[in-house]
Each structure stands twice: as C-alpha cells, then as structure tokens.
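> starting from these lines, generate the structure:
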Amino acid sequence: MAAVPPISDSPLKTLAQRILPSGPSVELDAIDTKLLVELSRDARIPQSKLADILGMSSPAVADRIARLKQRGVIRGFSVDIDWERLGNSTVAYLSIVAAIGHDQSVVISHLLEIRGVEEISVVTGSNDMVVKIRAHGFDDLRQILANEVWNIAGVQQTVTSIALVHAEPENVTERMLRAISKHDV
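Prediction:
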C-alpha cells in the first residue's frame, strides 16, 4: 500500500488553504428577515419605502442594512442581466477531473480567467469540479473548450453537458429566508 503524502506535499494543499472555516451563524430577527425579503424582491427599493413597509424610520433601516453588511449577511447589491438577450444563449456544465499531482487551485485560477465562466464548484465524487459556462452558441463553446479549457495544465478529462431548458424559482432568496426564519415574514 502506497504511503499517503502529507498535506504539505499534496496537490490539494493550496486548495485546502483556500477553504476558510465558516463563521458563526447570524441570528436574524423578524425585521431583519422582512428587510432581506424586500431587498431580494428589489435591491433598489428606496429606504423610505422600506421604512414604511417595516414600520420604522429611514435611519433605522439604514442602520439595519449597515449592520447586516458588517456581519457579512449582505455581501453587496447587483444587477440581474438576461444574458440570452445579449447573445449568450448557450449554457454548459463542465465536469472536470484534474490530473493527479497538479495543484487544483492553479486549475481553478486559469478557469476563472476564461470569458463566460460563471461559477466553479469543487465537488465530491468522481469529478473534481463542476464549471458553469455561458457562450454565444455551440461554435463559441467549442472554441472555448478547445482553445482554453483543454489547454490548462492539470485538466485531465472533461465531460460537457449543455443545458436545454432553465427553470428557476421566482425568488430563491425569499424562499430560503422563509424556510430558515423563526418569524412570520
């Protein structure tokens, strides 16, 4: 039986160093939960309107938002772009197996530089990672795979699955907040 190399010699060492311990869970009261639900519906809602909905003053709403940001609950505000309207209609999921002995964090760094890569997850099972990628069409996807992904040192094997239909819940954030909340929202 071969000896298992210590973590300091492992190709997963740098990847393991990227895994930060999760912080303590943040307790939300009913107002925090309602505030987050309203922001998930429209992140640009004026604080004065939030204040009316929540039955509090605008400065109190601002303080709540600042506290939730400081505690890491709110990471930022963003725009939801319809990429299909901009010609990026092909979504593919790449299951990647990294070559033995290659540092997976280096593979991830290269993948993050590729246009269209939306998300990378390191996973358990027979694959090492799953990558969500968006392209202008099949020919564009083929070029990205052939010229970029398959040229990354450490990528041993890929399996590409092309999404045919997308189905998203209307508001995942609201649904999850309702599920974890101890309060009526």
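
> only C-alpha atoms from now on, for both contacts and neighbour counts.
Noted.

> the protein: helices as residue ranges?
13-18, 30-41, 47-54, 58-70, 104-112, 138-147, 172-180 (DSSP state H).

> by mean pLDDT, show me the worst of those.
Among the helices of the chain, helix 13-18 carries the lowest mean pLDDT, at a mean of 65.

> still on that earlier bit, as TSV, the helices of the chain with distance to Asp128 would be great.
Output for the helices of the chain, formatted as TSV (distance: least, C-alpha to C-alpha, whole Å):
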stretch	distance to Asp128
helix 13-18	12
helix 30-41	32
helix 47-54	43
helix 58-70	32
helix 104-112	8
helix 138-147	17
helix 172-180	27
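
> among the ones you listed, which is nearest Ser161?
helix 138-147 (11.3 Å; C-alpha to C-alpha).

> only alpha carbons, please: show the closest one as PDB.
This file holds the C-alpha atoms of helix 138-147, laid out as PDB (Å, rounded to 0.1, in the frame of the first residue of the first chain):
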ATOM      1  CA  PHE A 138     -22.300  25.900 -29.800                       C
ATOM      2  CA  ASP A 139     -19.400  27.100 -32.000                       C
ATOM      3  CA  ASP A 140     -18.300  29.600 -29.400                       C
ATOM      4  CA  LEU A 141     -18.500  26.900 -26.700                       C
ATOM      5  CA  ARG A 142     -16.400  24.600 -28.800                       C
ATOM      6  CA  GLN A 143     -13.700  27.300 -29.300                       C
ATOM      7  CA  ILE A 144     -13.700  28.000 -25.500                       C
ATOM      8  CA  LEU A 145     -13.200  24.300 -24.800                       C
ATOM      9  CA  ALA A 146     -10.600  23.600 -27.400                       C
ATOM     10  CA  ASN A 147      -8.600  26.700 -27.100                       C
END
